[in-house]
Structures are given as C-alpha cells and as structure tokens.
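A.B. asks: requesting a structural model of the entry that follows:
(one chain, ligands or ions: 1)
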Amino acid sequence: MITATALHGCSLIDGTWIPGTNGEITGFDPRTNARLEPSYSLASSAQLRKATTAAKRAFQSYRLTSPELRADFLNSIADNIDALTEEIVQRASLETGLTPARLTGEVARTSNQLRLFATTVKSGEFHRVRIERGPRVDLRQRHIPLGPVAVFGASNFPLAFSTAGGDTASALAAGCPVVFKAHNAHPGTAELVGQAVLGAVEKHGLDAGVFNLVYGRGVEIGQELAADPAIQAIGFTGSRQGGLALMHTAFNRPVPVPVFAEMSATNPVFVFPGALADLESSTSLAAAFTASITGSSGQLCTKPGLVFVPRGVAGDAFVQLVASEFAGTTGQTMLTKGIAEAWQRGVDNLEKQPGVGIRAHGKPGAGENAPGPVVFESDIQTLLNNAVLQEEIFGAASLIVRYDSPEQLHEAALVLEGQLTATIHSSQDDFGEVTQLIPLLEDLAGRILFGGWPTGVEVGHAVIHGGPFPATSNAQSTSVGTLAIERFMRPISYQSFPAELLPDPVSDPNKWAVPREIDR
Ligand code: NAP
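C.D. replies: Okay, the predicted model is just below:
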C-alpha cells in the first residue's frame with residue numbers, strides 16, 4: 001500500500017516525474033471556474049518519445065511475465081487506488097464537480113475492475129489456446145499481446161474510464177505497456193492514480209516503462225502519441241470528434257494500428273403500449289426515465305437521448321408525467337465550462353429544428369455550469385427526415401419521439417446510427433412486435449436491455465460496452481468487461497515446433513494451467 005505524495009504537476013516518464021518543457025495547464029473547479037493548483041507542465045515531443053521508447057523496451061520483459069506476477073501487479077494497483085480513495089475523491093470532486101458519493105463508487109468500480117482482470121489473467125482463458133497434433137503437422141495457436149498501447153480517457157469518468165480505467169487495465173492484463181495521455185480536465189486525479197500505478201510497478205520490480213503518464217494537449221501530444229511508431233494500438237473514450245481524429249492518424253501511419261474508440265450514442269428506448277397500460281407503471285417509468293437523464297448531470301455515454309413513445313391517451317399521459325418530473329429537477333454542475341457550453345449549443349440547435357419543441361425543463365443549479373435539464377418532444381416523421389434529431393447532446397437532455405405504429409419503430413431502427421445500447425419497455429401483450437424489432441436492434445447496438453435504463457454498466461464477463469459506429473470504431477469488442485482484453489492481443493500459430501521451444505501456454509506440460517482446446 002502507498003500513501004499519496006504532494007502532487008508533482010508533471011508527466012511520469014520511465015518511472016520518474018519529469019517537468020515538461022512545453023507550457024502548462026491547470027485544472028478548474030467547474031462550480032466556480034476557478035483555477036486549481038498546482039499547474040501541470042506539458043511534455044515536449046522529445047519527452048513523449050522517451051515515454052514511448054521506455055514502453056517499447058518494457059514490452060520485451062512485461063509480455064513474458066507469469067500469470068501470477070501480472071495478476072499480483074494488477075491487484076497491487078487496485079490496493080493502492082483503494083488506499084488513496086480519500087485523496088482521489090477529494091481531488092476528483094474539485095476537478096469535475098461530481099459528488100464525493102458518485103466518485104467513491106467510481107473508485108471502487110475502478111479497483112474492482114483491476115481485480116477482475118487479475119482473476120482473468122490467472123484463469124488463462126484469454127490465451128485462447130488451440131492445439132491440433134496432426135495428422136500431418138503439429139499446430140499450436142494462442143493469442144499474444146500487441147505491444148505498447150496509447151490510452152486516452154474521458155472527462156466524465158475520471159477514474160473508471162481514465163488513468164487506470166478499463167482500457168489501461170485490459171491492456172496491462174493482456175501484457176501491453178501503457179502510455180496514458182492525461183485528461184486535461186482532471187490532471188491532479190490523473191496524477192494520484194499514476195502514483196498508485198507507479199507504486200505497484202516498483203513493488204513488483206517491473207520495468208519502469210510499463211506505465212507512463214503524459215500531460216499535453218490532445219491535438220498536439222495526443223496526435224504525436226497516436227502517430228508514434230512504438231505504439232501498437234489505441235484505446236480511447238470521449239467525443240466523436242476526438243475519436244475520429246485519432247482513427248485518421250492511426251490509419252494513415254506508415255504502419256497503421258487498430259483504434260478502439262468509444263464515442264457517441266443516443267441509446268434509444270422503445271416504449272411499447274403495454275408498458276403504459278396503467279398509471280402506476282407509467283408513473284414509475286417517468287420517474288426512472290427522468291433520473292436516468294439527470295444523474296451525473298446526464299454526462300454518461302449510455303444516457304437515453306431518444307425515447308420512442310406511442311401516440312394516444314396512455315402515451316400523452318406518460319409524456320405529461322415526464323414533463324412534471326422534469327419541471328421538478330435542478331441542474332447539477334457539469335464537468336467543465338466547455339462541456340456546459342457544448343450542451344447549451346446542442347440544446348439551442350435542437351430547439352430550432354422544425355417539428356421539435358421543449359416539453360419541459362428543470363431549474364438551473366447553484367454556481368456555474370449547472371443548467372436545468374431539458375426534455376424535448378417531436379414525432380417520428382420529423383426524426384426520419386432530419387439527422388440533427390439523432391445527434392447526441394452530452395448532458396441532461398433527451399428527446400421524446402411520438403410514433404403511431406410498430407412499423408414506424410422498424411423504420412427508425414433502420415435509420416438510426418450505431419448505438420451502445422437499445423432498450424425495450426413492453427408487456428407480454430407486445431411480444432409479437434418486440435420479436436420483430438429485436439433483429440433490427442441486434443444490428444443497431446452492442447447491448448439490448450429489456451426493461452430498466454441503460455445508464456448502469458455492469459463490469460463482468462458477459463457485458464458489451466461497444467457497438468457499431470459511431471458508438472465505437474470497432475464493434476467486434478467491448479471497452480468494459482473481461483472481453484476487452486482481446487482488443488490488445490492477436491493470434492499466432494506455431495507449426496511443428498520442438499517441445500522444448502514451445503512457449504508456456506502451448507507447451508505440453510501446461511505449466512500455467514491455461515484452458516486449452518486439444519485435438520477437437
Ligand atoms: P474528448 O474531448 O474527446 O477528450 C478525450 C481525450 O482525448 C482527452 O485526453 C483529449 O485531450 C483527447 N483528444 C481530444 N481530441 C483529440 C484529438 N483530436 N487528437 C488527439 N487527442 C484528442 O472527450 P471528453 O473530454 O470526454 O468530452 C469532451 C467533449 O466530448 C464534450 O464536449 C462532450 O460533449 C463530448 N462527448 C463526450 C462523451 C464521453 O463519453 N466522454 C460522449 C459524447 C460526447 P485534451 O485533454 O487536450 O482535451
């Protein structure tokens with residue numbers, strides 16, 4: 001376990017906190033827009049290269065670590081993060097305006113995620129070993145780590161999708177060193193977590209290049225990092241614009257590399273008439289919908305931004321209940337001034353679209369950057385004819401779309417962009433129509449929910465937090481849950497190898513006791 005040291009205000013490169021020579025930034029308290037100390041010096045191109053070179057060197061030893069050592073390392077990071085909970089929560093709340101309660105939960109989620117990857121590393125399943133001993137040749141297949149991974153975290157999860165969040169944890173679990181581009185909206189939080197990772201690197205005597213934390217602007221150092229020849233894959237969570245810029249750079253390198261970017265979604269919810277059959281169900285649905293939009297100030301990639309509600313008396317009553325709920329809400333501080341301004345631009349833009357109206361809004365909260373939540377109403381024809389209605393508004397806003405027939409839901413599902421989630425609310429009476437919609441939702445989203453709201457994401461073995469573009473850049477995996485490890489590995493096959501030259505996971509003694517498919 002470690003204790004926090006005073007913040008260094010600079011990058012962690014090859015095991016040392018090194019003052020940057022490329023200007024500086026500070027964090028801001030979004031409640032007041034006041035600058036926060038200390039300032040953070042930004043890494044130069046040469047300093048970035050030191051970090052990527054160290055990561056490349058570290059790969060050669062880290063990729064060979066035993067399951068026990070790698071799992072112990074991940075568990076130590078988790079223990080260190082837990083030990084710093086108080087400092088992390090305090091700093092993160094200052095830098096993001098998120099509540100201590102929410103952040104305490106996020107710390108636990110982050111360390112539990114690391115522990116889950118530790119268990120996965122020990123189980124050995126991710127090596128995906130297949131052995132075929134004949135009849136003509138002996139072939140042995142396994143998955144190996146890709147090499148150093150560049151990770152970019154999001155503003156809205158300063159822990160679970162940041163410095164030692166899912167992308168970093170899954171890359172380290174796979175056997176890949178990480179160069180993390182610190183998020184400029186929570187620099188101090190990033191450093192505290194960086195201290196936790198460094199403590200674990202030192203405790204286990206790993207090569208210091210296994211984890212580097214680099215401060216700089218995304219459009220400068222972030223782009224250089226994505227273009228660096230040492231980097232073999234990129235993990236990203238954030239805006240569509242940022243993800244697309246990284247994809248462009250990564251695919252246009254002399255040697256292109258894969259990008260796993262989680263970007264943009266409106267997470268449609270399909271409410272069938274059966275879900276609104278009585279006042280009690282409609283009332284609780286309206287309350288739960290409002291809570292899912294306003295929690296964390298709506299700054300969740302899984303926030304339901306489009307809700308399809310049937311026309312008719314029951315639908316009207318539901319919309320009225322939602323309007324009453326929204327009218328009683330109060331805005332919470334958003335993550336940054338820039339994000340609050342982007343929310344306002346999105347709301348203004350949607351409001352001026354023909355056929356769209358504001359149905360209700362809450363009151364602004366205290367302090368800066370806390371606008372009142374907004375719910376809009378429109379109809380399905382307007383949605384089908386105007387792509388602006390599909391644009392994500394990051395923050396507490398949502399659009400209710402009224403429809404006349406289940407066939408119109410099919411039309412909508414066919415024109416919607418790729419999504420992280422799609423949610424169905426129905427009773428058994430609707431199952432005929434729901435059955436027909438499901439294949440369309442399978443093509444649309446990474447996770448389909450029956451009932452509930454998509455904002456909570458379980459961290460486990462069967463979850464998918466992914467989906468077709470633009471929800472992510474690659475729908476073949478997930479950024480949450482243990483499957484995420486496979487993004488940073490590739491298959492390799494050994495043909496006719498002498499027993500003594502075979503690597504551990506595919507050799508006959510099976511020293512690592514990994515699950516294997518043999519001669520099936
Ligand atoms: P972001 O702006 O995309 O930033 C994520 C990370 O990527 C940051 O470290 C950022 O660097 C870096 N980055 C941004 N653009 C880049 C580029 N062109 N090249 C290389 N790196 C780049 O995402 P965010 O901070 O989470 O959210 C900010 C905006 O994105 C908000 O206005 C919000 O409306 C929108 N958005 C976010 C999400 C989400 O889930 N987080 C979802 C939808 C929309 P810097 O530190 O220099 O910024």
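
A.B. asks: I144 contacts M489, doesn't it?
C.D. replies: Yes: using CB atoms under 8 Å, I144 is in contact with M489, at 6.3 Å. For every residue, glycine as well, the C-beta is placed using N, CA and C.

A.B. asks: how about the single nearest residue of the stretch 1-150 of the chain relative to the ligand, secondary structure?
C.D. replies: At 8.4 Å from the ligand, I25 is the closest residue in the stretch 1-150 of the chain, using CB to the nearest ligand atom. With DSSP: H, G, I helix; E, B strand; the rest coil as the basis, I25 sits in strand.

A.B. asks: do I438 as well
C.D. replies: I438 ends up helix, using three-state DSSP.

A.B. asks: next, count neighbours for the nearest residue to it once chain neighbours are set aside.
C.D. replies: What sits nearest to I438 in space, not counting adjacent residues and going by CB to CB, 6 or more residues apart in numbering, is I448, at 7.1 Å. Number of residues near I448 (other CB atoms under 10 Å) recorded here: 17.

A.B. asks: looks like I448 contacts L440 (just checking).
C.D. replies: No: with contact defined as CB under 8 Å, I448 does not count as touching L440 (10.3 Å).

A.B. asks: ok, longest helix in the protein?
C.D. replies: helix 100-123 (DSSP state H).

A.B. asks: gap between it and the chain center?
C.D. replies: Distance of helix 100-123 from the chain centroid (CA atoms, centre = their mean, to the nearest Å) equals 14 Å.

A.B. asks: next one: the helix or strand where D348 lies to chain centre, how far?
C.D. replies: In this assignment (DSSP states H and E), D348 forms part of helix 337-351. Counting by CA atoms, centre = their mean, helix 337-351 is centred 22 Å from the centre of its parent chain.

A.B. asks: list the helices and strands it packs on?
C.D. replies: strand 374-379, strand 397-403 (3 or more CB pairs under 8 Å, 6 or more residues apart in numbering; DSSP states H and E).

A.B. asks: tell me what the helix or strand following the first one is packed against?
C.D. replies: Counting by DSSP H and E, the next helix or strand C-terminal to strand 374-379 is helix 380-385. The helices and strands touching helix 380-385, judged by 3+ CB pairs under 8 Å, 6+ apart, are strand 397-403, helix 406-415.

A.B. asks: now the ones you listed in TSV, with mean pLDDT and distance to P454?
C.D. replies: Shown next, in TSV, are the helices and strands packed on helix 380-385 (pLDDT from 0 to 100; distance: least, CB to CB, whole Å):
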stretch	mean pLDDT	distance to P454
strand 397-403	98	12
helix 406-415	96	16
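
A.B. asks: just send these back as JSON lines, with distance to A54 and mean neighbour count too.
C.D. replies: Below are these laid out as JSON lines (distance: least, CB to CB, whole Å; neighbours: other CB atoms under 10 Å):
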{"stretch": "strand 397-403", "distance to A54": "43", "mean neighbour count": "24"}
{"stretch": "helix 406-415", "distance to A54": "47", "mean neighbour count": "17"}
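
A.B. asks: closest one to the ligand among these?
C.D. replies: strand 397-403 (11.1 Å).

A.B. asks: neighbouring contacts of the closest one?
C.D. replies: 289, 293, 298, 303-311, 315, 319, 322, 343, 346-347, 350, 356, 359, 373-380, 382-383, 389, 409, 412 (CB atoms under 8 Å, 6 or more residues apart in numbering).

A.B. asks: contacts for stretch 424-431?
C.D. replies: Here stretch 424-431 has contacts from 269-275, 277, 285, 433-434, 437, 441, 448-451, using CB under 8 Å, 6+ apart.

A.B. asks: mark which of the residues you listed are part of strands, please.
C.D. replies: V269, F270, V271, I448, L449, F450 (DSSP state E).

A.B. asks: next up, the contacts around the closest residue to the ligand within the stretch 251-400 of the chain.
C.D. replies: Nearest residue of the stretch 251-400 of the chain to the ligand: F394, at 3.2 Å (CB to the nearest ligand atom). Taking CB under 8 Å, 6+ apart, we find F394 in contact with N156, S239, G298, Q299, I339, A342, W343, G346.

A.B. asks: just those that are near the ligand?
C.D. replies: N156, S239, I339, A342 (CB under 6 Å from any ligand atom).

A.B. asks: pipe those into CSV and attach pLDDT and neighbour count per row.
C.D. replies: Shown next, in CSV, are the ones next to the ligand among the contacts of F394 (pLDDT from 0 to 100; neighbours: other CB atoms under 10 Å):
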residue, pLDDT, neighbour count
N156, 96, 26
S239, 96, 19
I339, 98, 21
A342, 98, 16
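
A.B. asks: and for stretch 329-339, what are the contacting residues?
C.D. replies: 28, 30-31, 33, 96-98, 155-156, 185, 290, 294, 296-297, 299, 340, 343, 362-365, 367-373, 394-396.

A.B. asks: mark which of those are buried, thanks.
C.D. replies: For the contacts of stretch 329-339, a burial check counting by 16 or more other CB atoms under 10 Å picks out 28, 30-31, 96-98, 155-156, 185, 290, 294, 296-297, 299, 340, 343, 362, 365, 368-373, 394-396.

A.B. asks: quick one on the thing from earlier: give me the common contacts of I144 and M489.
C.D. replies: G175.

A.B. asks: for L335, which three-state class applies?
C.D. replies: Going by three-state DSSP: L335 is coil.

A.B. asks: that one - how many residues pack around it?
C.D. replies: 26.

A.B. asks: ok, now G315?
C.D. replies: As a burial measure, G315 scores 20 neighbours (other CB under 10 Å).

A.B. asks: what helix or strand is it on?
C.D. replies: helix 313-327.

A.B. asks: buried sites along that helix?
C.D. replies: Under 16+ other CB under 10 Å, the buried positions of helix 313-327 are A314, G315, F318, V319, L321, V322, A323, E325, F326, A327.

A.B. asks: export it to CSV, keeping only CA atoms.
C.D. replies: Output of helix 313-327 as CSV, limited to C-alpha atoms (Å, rounded to 0.1, in the frame of the first residue of the first chain):
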residue,chain,number,x,y,z
VAL,A,313,-54.1,8.7,-24.4
ALA,A,314,-51.6,6.5,-22.5
GLY,A,315,-48.7,8.0,-24.3
ASP,A,316,-49.9,11.5,-23.7
ALA,A,317,-50.3,10.8,-20.0
PHE,A,318,-46.8,9.4,-19.9
VAL,A,319,-45.3,12.5,-21.6
GLN,A,320,-47.2,14.6,-19.1
LEU,A,321,-45.8,12.7,-16.2
VAL,A,322,-42.3,13.1,-17.6
ALA,A,323,-42.9,16.8,-18.0
SER,A,324,-43.9,17.1,-14.4
GLU,A,325,-40.9,15.2,-13.3
PHE,A,326,-38.5,17.3,-15.3
ALA,A,327,-40.1,20.5,-14.1
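
A.B. asks: the ligand contacts on this protein?
C.D. replies: 152, 154-156, 181, 183-185, 217-219, 222-223, 237-239, 242, 245-246, 264, 301, 339, 342, 392, 394.

A.B. asks: tell me the buried residues within the residues you listed.
C.D. replies: Buried by 16+ other CB under 10 Å: 152, 154-156, 181, 183-185, 218, 222-223, 237-239, 242, 245-246, 264, 301, 339, 342, 392, 394, out of those.

A.B. asks: which ones among these are found in helices?
C.D. replies: Q223, G242, A245, L246, I339, A342.

A.B. asks: quick one: the residues you listed as CSV, columns for distance to V506 too.
C.D. replies: Compiled in CSV, these are given as follows (distance: CB to CB, whole Å):
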residue, distance to V506
Q223, 38
G242, 39
A245, 39
L246, 34
I339, 48
A342, 50
